[in-house]
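A.B. asks: no FASTA, just this:
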């Protein structure tokens, strides 16, 4: 396994190399998806993943933030929101 961020690691033999919470098989994208669906930290810890801690959820958010922060986006062409794209 390779640590790629605080509490986040990748292993080609775990979830096809997708980032997971260190020491678990819990994919970062699953935590982010739950948060995006308005599931609270407490509900995630109680109802979905009782093997992780609040700090793990925060690490997922920090990891996602670092990816977005480093991302470079290049607009191609003209997009007009009024006509749907």
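C.D. replies: Yep, it's here. What you are looking at is a predicted structure, and each value in this text was computed from that prediction instead of being measured.
A.B. asks: list the contacts for the residue lying closest to residue 18 once chain neighbours are set aside?
C.D. replies: In space, and not counting its chain neighbours, residue 18 is closest to residue 27: 5.4 Å by C-beta to C-beta, 6 or more residues apart in numbering. In short, each C-beta sits where N, CA and C put it, glycine included. Residue 27 makes contacts with 15, 18, 19, 20, as judged by C-beta atoms under 8 Å, 6 or more residues apart in numbering.
A.B. asks: redo those as CSV? Include neighbour count, secondary structure and distance to residue 71.
C.D. replies: Formatted as CSV, these follow (neighbours: other C-beta atoms under 10 Å; DSSP: H, G, I helix; E, B strand; the rest coil; distance: C-beta to C-beta, whole Å):
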residue, neighbour count, secondary structure, distance to residue 71
15, 16, helix, 22
18, 13, coil, 18
19, 21, coil, 15
20, 24, strand, 21
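A.B. asks: could you identify the most distant pair in these?
C.D. replies: Farthest apart among the contacts of residue 27 by C-beta to C-beta are 15 and 19. That separation is 8.4 Å.
A.B. asks: going on from the lowest-mean-pLDDT helix or strand in the chain, what's the next piece of helix or strand?
C.D. replies: In the chain, the helix or strand scored least confidently by mean pLDDT, DSSP states H and E is strand 2-5, which has a mean of 94. Downstream of strand 2-5, the first helix or strand assigned by DSSP states H and E is strand 8-10.
A.B. asks: pairing partners for that following strand, with directions?
C.D. replies: strand 2-5 (antiparallel), strand 20-21 (antiparallel) (DSSP bridges).
A.B. asks: show residues contacting the longest one.
C.D. replies: Contacts to strand 2-5, defined as C-beta under 8 Å, 6+ apart, come from residues 9, 10, 11, 19, 22, 59, 62, 63, 66.
A.B. asks: which among these count as buried?
C.D. replies: Listed as buried from the contacts of strand 2-5 are 9, 10, 19, 22, 59, 63; burial here means 16 or more other C-beta atoms under 10 Å.
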